[in-house]
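Participant: sequence first, predicted coordinates after that:
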Amino acid sequence: MSAQFLSRWGVIGVDGDDAVTFLQSQLSNDVAGMAENQLRMAGLCTAKGRLLGSFFVMRRGPQVLLMCRKETVPALVKRLGMFVLRSKCKVRDCSAEYQLAYLADSGLMAPMRVQWDEQGNATASLRAIQGTAPGIQLQASDSPPEQADGDDAFEHALQQLGIAYVSQATVEVFVPQAINFDLVGGVSFSKGCYPGQEIVARSHYLGKVKRRVFQATAPDSIPVSAGQDVWLSGKENEPAGVVATAVTFNNQQYLLVELTVDDAEKAGAQFAVKSDAGEARLRVQAPPYDVHQKGNVFEP
């Protein structure tokens, strides 16, 4: 089980007697109902239902750890801290206290599970890719690793699983459903209220979700970044969508792109990302689950 350390991901810690109760009122998923051996995803939304950040969530006793893209940590700590008020908990940036690493094989059989050791270190599984369950390792640390080389592999694994996340370029760009967060287990529709909950619930219960993220690949000759517009050939008056995530791995760019379902599934549709460097043509395909469903389509 070889660990590849991460430099683009950080940790927010929420500590105190009211940590779970507080986060239950702020995040899109059920924190109070999760066990210590579960890994969950959750989002923090604006009142208009736009995602400010997305997390992998671990819980141990009264402490909750939120793993997210490191560049979003300061603003998320500040935002959550604004709402602590009289709650007996503290929100802080714990990135320097932990080493995060990617595991090509977590060694855990069940998906979205966490195994803690006596020192408070954790090994978590994601979901199976070609027979193995990649995962995340979290270890207490006083200093960063000498070499962090796992980010591309980790973010490629997320792309392969169809799991999008919020980076600085996509803060307040998407509602949860637009990046399939409801489908991959990042939203609970049975928990209590949280910021943006009414809008997220309305999109779920009323009508059809029209925009989803799809997998895409592109050559690495023209760099593509999260937040860039995606264009549909023959429809030049406005962008067809937005790049949600992008990573280069083994000389290929792997993307998750937000598009209307109708456009993405149109036979012969040709998509591209355009920049001063040129035009990167995309090969778009469905993620490894049904985008026409509502609610979590991953196994629990």
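Facilitator: Nice, thanks for sending it over. Residues are numbered from 1 along each chain as shown.

Participant: list the buried residues in the host helix or strand of residue 246.
Facilitator: Applying DSSP states H and E as the criterion places residue 246 in strand 241-249. Of the residues in strand 241-249, those buried by neighbour count under the rule 16 or more other CB atoms under 10 Å are 241, 242, 243, 244, 245, 246, 247, 249. Yep, even glycine has a C-beta here, placed from its N, CA and C like the rest.

Participant: same deal with stretch 129-148?
Facilitator: For stretch 129-148, the neighbour count (16+ other CB under 10 Å) marks 133, 134, 135, 136, 137, 138, 139, 145, 148 as buried.

Participant: circling back: for the helix or strand just after the strand holding residue 246, which strands pair with it and how are they oriented?
Facilitator: From strand 241-249 onward toward the C-terminus, using DSSP H and E, the following helix or strand is strand 252-260. Looking at strand 252-260 with DSSP bridges, its partner strands are strand 211-219 (antiparallel), strand 241-249 (antiparallel).

Participant: tabulate these (CSV), appending distance to residue 112.
Facilitator: Below are the strands paired with strand 252-260 laid out as CSV (distance: least, CB to CB, whole Å):
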stretch, distance to residue 112
strand 211-219, 19
strand 241-249, 19
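
Participant: looking at those, spot the one closest to residue 86.
Facilitator: Shortest separation from residue 86 across the strands paired with strand 252-260 is recorded for strand 241-249, at 36.5 Å, computed as CB to CB.

Participant: give me the contacts around that closest one.
Facilitator: Residues outside strand 241-249 that contact it (CB atoms under 8 Å, 6 or more residues apart in numbering) are 151-153, 155-156, 158-159, 164-165, 167, 170, 173-174, 179, 211, 213, 220, 223-230, 253-260, 263, 271, 273.

Participant: just the buried ones from those residues?
Facilitator: Among the contacts of strand 241-249, those classed as buried by neighbour count (16+ other CB under 10 Å) are 151-153, 155-156, 158-159, 164-165, 167, 170, 173-174, 179, 211, 213, 224, 226, 228, 230, 253-259, 263, 271, 273.

Participant: the residue nearest the centre of the chain: what's it in contact with?
Facilitator: Centroid-nearest residue in the chain, with CA atoms, centre = their mean: residue 165, separated by 2.8 Å. For residue 165, the set of contacting residues under the criterion of CB under 8 Å, 6+ apart consists of 54, 68, 69, 158, 245.

Participant: so, low pLDDT: which residues of the stretch 151-300 of the chain?
Facilitator: Per-residue confidence of the stretch 151-300 of the chain (counting by pLDDT under 70) places the weak regions at 299-300.
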